[in-house]
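> next come a sequence and a model predicted from it.
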Amino acid sequence: MYNRIRLLGTAAALSATIGVTGCDNWMDVLNPELIDATTIDPVQDAPTFAQSAMNNLFDAFDDAIVYGGWFSGEIWEGDTFPTRTDIGRRNIDAGPDGSLNVTLNDDIYEPLAIAIATGEQIQELLAEVEDAASNINMARGIFASGYGILFEAEHFCTVVISTSLDNLGSPLTPLEGAAEAAERFRSAIQVAGASTDEIGPDLVNASRVGLARALLFRGEYAEAAAVAAEVPADFEFIAPKVDDLSNRAALGNTVFAFTLDRQVIVVPPYYRDLNDDRITSVLEQTAEFPLKTQDSFLDFYRQTKHTEWNASIRLASGLEARYIAAEAELKAGNPAVAAALIAERATAGGDDSVFNPSGDTLTDLLDQKARDFYLEGVHMGDWQRNPDAPYVPASGTPYYDETGGVFGTQTCMPLPDDEVLNNPSFPN
């Protein structure tokens, strides 16, 4: 955690060195590696810092898509890194002092922690400005923190909300983390709604999706359905991705990176067999044989949804809100909304798609949702709420690559040891 603590303990401005889109004056900073906190102007510098927080969220988002996809079976991993195989097999080492899996820390936990921290820091930075209740940059910071916390709650067994070395968060359960996310989304709705900035309405609706998702996670079905119903059906909030050759790790599409650079993301056969237009793949061929994944074991059926470094990703949408409302209504005893949505979306996969209703409305609803939002970061949350969600390999069944063994019993990721050992809020 030493690297993460250094990042958390630095002014939010430092995170802007990751790359800020839409802020031309960033390159005018005399020394972007060393920013004196005493020179920060909350009004003048807020747009740069707020956009940095949003970029940190977008960076963490597709990291979570990849690692949550491997962990939940949405994709198969064909990597040579044993730490990634452990994640795909749901066999991450874990103990009282956390996990020693460095990939877990560096590639998913740390990006989420940074997104949360910078979002929280923006709120602290702007708390005393005159227009704090309607400041769009305040809304951006709240939004970034809210989604970062929600993603952490959906992926990890424990949630930590830290802002700096002086404010390292205490361990929370995922349900408690979702409550913290919901609180921030409510605030983002108020602040963005009061702003006159053109992005205000989009932040309001994206925050409504996040709020409904957090409430559904907590089992607060009536409010989840009510909030989701406020989102326009055609609404979409897109996480932008940029093909900047010098900064692809932070700004580019991570799903594409693991497809192109490493050849380690494989569309599983149970998705390919659906023949659904929403889940497409290509088997790469050499001159004589199918191309293999990096570990030389799996045939490389690569995903074709994220096909460029600058392929943007849907983060929140009216369609997701409809699925949230349908699940909430179903669990509250009203199956009609879910049944109608299943019937509607069953036609979205094309004439040749395979869909055999299971007879269980929740299973069929999650089946269609898995198709509509394939590799868009919703599968882990769906599984956390619904242990019998489709397209999740059962624990104890054979693992698919040459390492052998079986899928483990883990349903959430343990915290890295860097967090547990270096955060005094944890008993040691």
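That came through fine. Numbers count the residues shown, from 1 in each chain.
> now do the contacts for Thr196.
Neighbour list for Thr196: Ser134 [criterion: CB atoms under 8 Å, 6 or more residues apart in numbering]. C-beta here means a position set from N, CA and C on the backbone, and glycine is covered the same way.
> element containing it, please.
Assessed by DSSP states H and E, Thr196 sits outside every helix and strand.
> so where do the strands sit in the protein?
Taking DSSP state E, the strands of the chain run over residues 76-77, 236-239, 265-266, 281-283, 301-303, 313-317.
> out of those, which gets nearest to Val378?
Nearest of these to Val378, taken as CB to CB: strand 313-317 at 9.9 Å.
> the closest one pairs with which strands?
strand 236-239 (antiparallel) (DSSP bridges).
> ok, Asn356 - how many residues close by?
The local packing of Asn356 (other CB atoms under 10 Å) involves 7 other residues.
> ok, now how distant is it from Phe235?
Distance of Asn356 to Phe235, computed by CB to CB, to the nearest Å: 31 Å.
> tell me who's in contact with Ala346.
Ala346 is in contact with Phe355, Gln368, counting by CB under 8 Å, 6+ apart.
> measure it to His379 for me?
As defined by CB to CB, Ala346 lies at a distance of 19 Å from His379.
> Tyr399 now?
Taking CB to CB, one finds Tyr399 at 18 Å from His379.
> quick one, which of those two is more surrounded?
Using other CB under 10 Å as the criterion, Tyr399 and His379 rank with His379 on top: 27 against 18.
> what's the offset of the lengthiest helix in the chain from the middle of its chain?
When the chain is parsed with DSSP state H, its longest helix is helix 46-72. Computed by CA atoms, centre = their mean, to the nearest Å, the chain-centroid distance of helix 46-72 equals 7 Å.
> between it and strand 313-317, how big is the angle?
Interaxial angle of helix 46-72 relative to strand 313-317 (axes from the mean of the first three to the mean of the last three CA atoms, to 10 degrees): 100 degrees.
> excluding chain neighbours, give the residue nearest to the residue nearest the centre of the chain in space.
Centroid check for the chain by CA atoms, centre = their mean gives Phe61 as the closest residue, at 3.8 Å. Ranked by CB to CB, 6 or more residues apart in numbering and with sequence neighbours excluded, the top spatial neighbour of Phe61 is Ala239, at 5.4 Å.
> count of residues packed around that neighbour?
By other CB under 10 Å, 20 other residues sit near Ala239.
> list the contacts of it.
Contacts for Ala239 (CB under 8 Å, 6+ apart) come out as Leu57, Phe58, Phe61, Asp62, Ser312, Ile313, Arg314, Leu315.
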